[in-house]
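Student: Take this sequence and fold it.
(2 chains)
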Amino acid sequence: MKNYYDIAGDGGSDILEQVQAQEESVARNLAGVRNLLAVGSGKGGVGKSTLTMQLACALRELGNAVSILDADLNGPTQARLGALQDRILVPGESGVTVPTTRDGIGVVSLGSLFPEPRAVDFESVAAGSSYTWRATKEFTVLRELLACMDWGKLDYLLVDLPPGAERIVQYAELLGPTAIFVLVAIPSDMARGVVARSIDALAKTPNRILGYVENMDGYYCSDCERVKPLFPAQPQVKLELPCLGSVPFDPELAALCDRGGSPSDSPALFSWQPVRRIAREICERVAEPASACKEGA
Amino acid sequence: MKFLCVSCDEPMKLVHTKPPERGSLTVVYRCPSCSHEFAMLTNPYETQVVGSLGVKVGPAGTGDTTKCPFTDVVRDLGSDREGSNVFPWTPEAASRLRNIPEFARPMAKAGIEKFAKERGLAQIDAQVLDQAKDFFGM
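Tutor: Numbers count the residues shown, from 1 in each chain, chains lettered A, B, ... in the order given. Now for the predicted structure:
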């Protein structure tokens, strides 16, 4: 009797071919993207999303064409950060038009489609069992967005990843081997321990990790114009990656971001300068061959 | 998943599917040698898990050939949330709408229809979509 592998094709359901076509469609649609930069951490609450938007602003300021894909489908924030909460998706001639901030940064976020406080939800015929299919559905939605948006020619497509150290591998596989990762840490051993797990998980992929950003490295007090410690002690957990720079927590910048404001509105903000330096560092490092980057680690 | 006619040792061919009913899909297969037919009846969990892959279940070559193959994710699985279809869309505009992923299409459609209604427009055509694109600053 024949076994599975003796039979060519799948009898007509075409499911494998469709999944393969989806992957090819993503690759085709991202052909105009020079650098696919995934901003992750593994740890939640370290400021990935805010930093992603700030880096996008800084990269844009350096003359790059930049868009953001908000891959966090369980708490999308990029629409708020880009003041794009009320935008609708408009189908263009060559794909769906990417909404842009007034600084010209493209932002695709489910936060535009599901206004707060509405939870992101999907149609289902299997009520009460979303734990069995929701993760698959989320990756399908991301793949659809990658495949259907008219990204055009971009210097950087930043992907704001959700938390989850081990799940970072699935995002690496979704985005493909050319996606470059930037990890966000904070000066806390608990957070760094999780980021270390992400580094370990990514080591099993062909993807390059550019380095990490130390976020919330103290807080900036505008009264005394000094950076003061935010965490009690220097972290002991070492991250085996280049540090791309440190950013202090800045209440003014945080408030600006919450309002959907752009750092370019307040270029004198203290913590905006380190973000700019990190953006320049990223530009320099992505231009290096991967081997040179690893040597510098 | 493949199916084998044990008597003939021949792979069964998918013949047709029936519309989903309470989350269950009916997929009919036939043996090309003996013409024996059987139906695979999925439970809602199976339907949803396969549907979550963003694929269309049906005989090969009969699916629509729109540019983006992802747009049928939920259409065949559940209710149509795309609205009342009262507002007429020209074929070109409707074709463009299908580029929007299924899960987001109802919201996009409603938004564009609201935009058109506020301007007293009678139908949605490509020009209206371009106007909406300009209006939303894209």
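Student: Show me where the chain has its helices.
Tutor: Since you didn't name a chain, this refers to chain A. A:15-29, A:48-61, A:78-81, A:110-113, A:134-148, A:168-175, A:189-202, A:251-258, A:272-287, A:290-295 (DSSP state H).
Student: Can you look at chain B instead?
Tutor: Using DSSP H, helices in chain B cover B:44-51, B:91-97, B:105-118, B:126-135.
Student: Could you list the residues in contact with the longest one?
Tutor: Contact with helix B:105-118 is made by A:88-91, A:113, B:71, B:81-83, B:87, B:97-98, B:100, B:123-124, B:128-129, B:131-132, B:135, as judged by Cβ atoms under 8 Å, 6 or more residues apart in numbering or on different chains. (Glycine included, C-beta is placed from N, CA and C.)
Student: Now do the contacts for the closest residue to residue A:58 other than its chain neighbours.
Tutor: Once flanking residues are discounted, residue A:58 sits nearest to residue A:279: 3.5 Å by Cβ to Cβ, 6 or more residues apart in numbering or on different chains. Contacts here follow Cβ under 8 Å, 6+ apart; on that basis residue A:279 touches A:55, A:58-59, A:61-62.
Student: In the stretch 151-297 of chain A, what residue lies closest to chain B?
Tutor: Chain B sits closest to residue A:152 of the stretch 151-297 of chain A, with a gap of 11.4 Å, by Cβ to the nearest Cβ.
Student: Can you give me the pLDDT of the residue lying closest to that residue once chain neighbours are set aside?
Tutor: Of all residues not flanking residue A:152 in the chain, residue A:32 sits nearest, at 5.8 Å (Cβ to Cβ, 6+ apart). Listed pLDDT for residue A:32 reads 96.
Student: again, but for residue A:237
Tutor: pLDDT, residue A:237: 95.
Student: Please identify the buried residues of stretch A:149-157?
Tutor: Within stretch A:149-157, the residues scored as buried using 16 or more other Cβ atoms under 10 Å in any protein chain shown are A:149-151, A:154-157.
Student: just how off-centre is that stretch within its chain?
Tutor: Distance of stretch A:149-157 from its chain centroid, counting by Cα atoms, centre = their mean, to the nearest Å, is 14 Å.
Student: counting contacts, what elements does the lengthiest strand in chain B pack onto?
Tutor: The single longest strand within chain B, with elements called by DSSP state E, is strand B:13-21. With contacts defined as 3 or more Cβ pairs under 8 Å, 6 or more residues apart in numbering or on different chains; DSSP states H and E, strand B:13-21 has these neighbours: strand B:24-30.
Student: close to chain B, is stretch A:117-136?
Tutor: Yes - Stretch A:117-136 is in contact with chain B by Cβ under 8 Å from any Cβ of the partner chain, via A:122-127, A:129, A:132-134, A:136.
Student: no wait, stretch A:78-90
Tutor: Yes - residues of stretch A:78-90 contacting chain B under Cβ under 8 Å from any Cβ: A:87-90.
Student: I'd like these laid out as JSON lines, including pLDDT.
Tutor: What follows is the residues of stretch A:78-90 next to chain B, written out as JSON lines (pLDDT from 0 to 100):
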{"residue": "A:87", "pLDDT": "88"}
{"residue": "A:88", "pLDDT": "88"}
{"residue": "A:89", "pLDDT": "91"}
{"residue": "A:90", "pLDDT": "93"}
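Student: By neighbour count, which of those wins?
Tutor: For these, the largest number of neighbours (other Cβ atoms under 10 Å in any protein chain shown) sits with residue A:89, at 29 neighbours.
Student: My read is that that one contacts residue A:107, right?
Tutor: No - if you go by Cβ atoms under 8 Å, residue A:89 and residue A:107 don't touch, sitting 11.7 Å apart.
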